[in-house]
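Chemist: this one's structure only:
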């Protein structure tokens, strides 16, 4: 029994240091936890959340959007600007930023000082573009600063298979919609985007620009491949004579004398025919053009360089235009709602330039463009015109082009 008591007392003596160690460790961990909280709090204090360089904790933020026909003065006069007048602020802003460019749809922000009870404006910020903004500080004096938000470029790879349209494919694959526009411009001379087939596909390597986690657009297309009706169309970028352009695998420019179509993202509602039932007159007659269905007011582009040779109105065509491109080709644009500024007979236009707008004038059942093509004075099917390419890669640039082409084919896989 004595032996048992001695063992118990001895065990107790051994456990004392262990108990003290655990007690010390627990206190240390608790101290460490408190210390960590203090560090975290200091980090928050040293790195407070800001927007446009203004610490948010100190202010109440009110955000709005510029309405149609609103100007800077209209927006400012709704709030308490302290001792400063709307005229004073507008005058100071105009020294840094042209106030006539204050645009509907853009965001603005008012910062109200919490120490003033959130009644008086301390800062005003106008976002002119996703990157560019104007910041106005209202203190003893008015301080105006024009700045740009920092952005970053991210190299991306995207591919998709067409079900109905390029635009819907981009949406289905959660890709930036501007990617569709960029591809349509690169392939405007070689792929008819109004006649895409189910199963057509694409792959593109590009740079997308971000501010924080929000995309603000496509920065640059590096290379692409579009498969249309089984034929592969590669886009190889190359700088020649100081201009960056896209070429096929043989070094021919993707640019042609004529665009494939005078509209972007529309659909063909009626094709070239020598025996079509007219939708208004209700009897069969030739339709020597291609109808593109589009909303009224949609911009119409000249398919090539040329000169306006005819402009007017007829009962059948409504408002119309004709462009002579060279000694062989003339194009016509019918059922217009109006013309672009400066468009008149004798004026020279450039390929891709907006010349008019879709309408429904003349014999028309709804908004569309009736597009026509004449070759040596005779009407031809616009969809079957093969336009010659512009200047290909020069012999002196062939070796450099081959290196670029190899790199592009490797990254496209």
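Modeler: Thanks, I have it. Remember, it's a predicted structure, so these values are computed and weren't measured experimentally. Numbering: from 1, shown residues only.
Chemist: isn't residue 208 right up against residue 176?
Modeler: Yes. If you go by Cβ atoms under 8 Å, residue 208 and residue 176 touch, sitting 6.2 Å apart. Just so you know, the C-beta spots here come from the backbone N, C-alpha and C atoms, and that holds for glycine as well.
Chemist: Overlap in contacts, these two.
Modeler: Any residue near both residue 208 and residue 176 by Cβ atoms under 8 Å, 6 or more residues apart in numbering counts here, and that gives 215, 217-218.
Chemist: Closest one of these to residue 90?
Modeler: The closest of the shared contacts of residue 208 and residue 176 to residue 90 turns out to be residue 217 (Cβ to Cβ; 30.1 Å).
Chemist: Which pLDDT value goes with the closest one?
Modeler: Here, the pLDDT recorded for residue 217 equals 89.
Chemist: quick one: which helix or strand includes it?
Modeler: Element membership of residue 217 [criterion: DSSP states H and E] is strand 214-228.
Chemist: Going by contacts, tell me the helices and strands next to that strand.
Modeler: On a contact count with 3 or more Cβ pairs under 8 Å, 6 or more residues apart in numbering; DSSP states H and E, strand 214-228 meets helix 178-186, strand 201-211, strand 231-240, helix 398-412.
Chemist: Mind putting those into TSV with distance to residue 51 and mean neighbour count?
Modeler: Below are the helices and strands packed on strand 214-228 laid out as TSV (distance: least, Cβ to Cβ, whole Å; neighbours: other Cβ atoms under 10 Å):
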stretch	distance to residue 51	mean neighbour count
helix 178-186	25	19
strand 201-211	12	18
strand 231-240	37	17
helix 398-412	37	14
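Chemist: Residue 320: which of these is closest?
Modeler: Nearest to residue 320 among the helices and strands packed on strand 214-228 is helix 178-186; the distance by Cβ to Cβ comes to 25.5 Å.
Chemist: and the angle for the closest one with strand 214-228?
Modeler: With axes from the mean of the first three to the mean of the last three Cα atoms, to 10 degrees applied, the angle from helix 178-186 to strand 214-228 works out at 40 degrees.
Chemist: before we move on, back to that, residues of the strand holding residue 217 that come out buried?
Modeler: With burial defined by 16 or more other Cβ atoms under 10 Å, the residues of strand 214-228 counted as buried are 215-219, 221-228.
Chemist: Contacts for that strand next, please.
Modeler: 130-131, 151, 153, 155, 176, 178-179, 182-183, 186-187, 191-192, 196-197, 200-210, 232-237, 408, 411-412.
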